[in-house]
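**Student:** Next one to model:
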Amino acid sequence: MSPTFLDSPFKGEANAGLLVDRVAQHIRARFAGEGSGHDWHHINRVRRLARQIAAAEGADQDVAELAALVHDIADWKFHHGDDGIGPREAERLLRDEGAAPEVIEQVVDIVRTISFKGAGVVTPMQTLEGRCVQDADRLDAIGAIGIARCFAYGGYAGRSMYDPDEAPVMHATAEAYKASKGHSLNHFYEKLFLLKERMNTATGRAMAEARHRYMEEFVLRFLKEWEGE
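**Tutor:** Residues are numbered from 1 along each chain as shown. The predicted structure is shown next:
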């Protein structure tokens, strides 16, 4: 059985809620005004989606919500490719806030595993809560919001919008994916178009359908307008 707050010293939903609220306040202050698309609003959207998916799938909503709040606490993209900094920062914050060891262990494992690491790299989640949070994060990477975030990050990272001479690359390793500096439109082919089929839950798959279609329509329109149509 997955660890829950009912197994912890907090003994019940009210205390679990207090922990979630404290962590949310910390994360909101830390990510206010962030400009790459990985801001507080992204985190809060993932938080809401994770709780919604967890409710539909029968997962622990408090664990899912807490993991969603810390899932981007220190993304490797902003820390020289360091995969370990996110789990370390999440563990430190949760320990400082008094979370039970079994809750910390589950949440940190979700943070460690959540990121997309390349078309050829599989990142399976060990718990239902992790699968719900990963689906929530991926849902916020697609659709209208996902399109906006893709170009926001591209601008932040100094990438061009599109270069017709540069083909997409289906990265076989996490190292190759991290080293990629391709233009923003390639990101749709290298990651975003792949996410619908990588949803873990029935709820996530259903929610991804319309967002995926919207991205396909956008890219077709983009390419037509690029050619002057």
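
**Student:** Poorly predicted segments of the protein, please.
**Tutor:** Under the criterion of pLDDT under 70, the regions of the chain flagged as low confidence span 1-14, 76-82.

**Student:** the helices in it, which residues?
**Tutor:** Along the chain, the stretches classed as helices by DSSP state H are 13-31, 40-57, 61-70, 85-96, 101-113, 128-139, 143-156, 174-179, 184-190, 202-226.

**Student:** Mind giving me the packing neighbours of the fifth one?
**Tutor:** Judged by 3 or more CB pairs under 8 Å, 6 or more residues apart in numbering; DSSP states H and E, helix 101-113 is in contact with helix 61-70, helix 85-96, helix 128-139. Using the backbone N, CA and C atoms, a C-beta is placed for each residue, glycine as well.

**Student:** quick one, the first one and helix 13-31 angle?
**Tutor:** Going back to what we said before, that points to helix 61-70. 10 degrees (axes from the mean of the first three to the mean of the last three CA atoms, to 10 degrees).

**Student:** before we move on, the earlier item: could you export the helices of the chain as JSON lines, including mean neighbour count?
**Tutor:** Listed next are those as JSON lines, based on neighbours: other CB atoms under 10 Å:
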{"stretch": "helix 13-31", "mean neighbour count": "16"}
{"stretch": "helix 40-57", "mean neighbour count": "21"}
{"stretch": "helix 61-70", "mean neighbour count": "28"}
{"stretch": "helix 85-96", "mean neighbour count": "18"}
{"stretch": "helix 101-113", "mean neighbour count": "20"}
{"stretch": "helix 128-139", "mean neighbour count": "28"}
{"stretch": "helix 143-156", "mean neighbour count": "18"}
{"stretch": "helix 174-179", "mean neighbour count": "15"}
{"stretch": "helix 184-190", "mean neighbour count": "19"}
{"stretch": "helix 202-226", "mean neighbour count": "15"}
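
**Student:** what's the closest of those to Y162?
**Tutor:** Between Y162 and the helices of the chain, the shortest gap by CB to CB is with helix 184-190, which sits at 4.3 Å.

**Student:** How far off centre is that closest one?
**Tutor:** 17 Å (CA atoms, centre = their mean, to the nearest Å).

**Student:** Give me the contacts around it.
**Tutor:** With CB atoms under 8 Å, 6 or more residues apart in numbering as the contact definition, helix 184-190 has outside contacts at 119, 150-151, 153-154, 159-162, 166-171, 177, 180, 182, 215, 219, 222.

**Student:** hmm, try it at 7 Å
**Tutor:** 119, 150-151, 154, 159, 161-162, 166, 168-171, 182, 215, 219, 222 (CB atoms under 7 Å, 6 or more residues apart in numbering).

**Student:** And stretch 40-49, by the same measure?
**Tutor:** The contact list for stretch 40-49, computed with CB under 7 Å, 6+ apart, reads 27-28, 31-32, 65, 68-69, 71-72, 136-137, 139-140, 149.

**Student:** rerun that using 8 Å as the cut-off
**Tutor:** In contact with stretch 40-49 (CB under 8 Å, 6+ apart) are residues 24, 27-28, 31-32, 34, 65, 68-69, 71-72, 133, 135-137, 139-140, 145, 149, 207.
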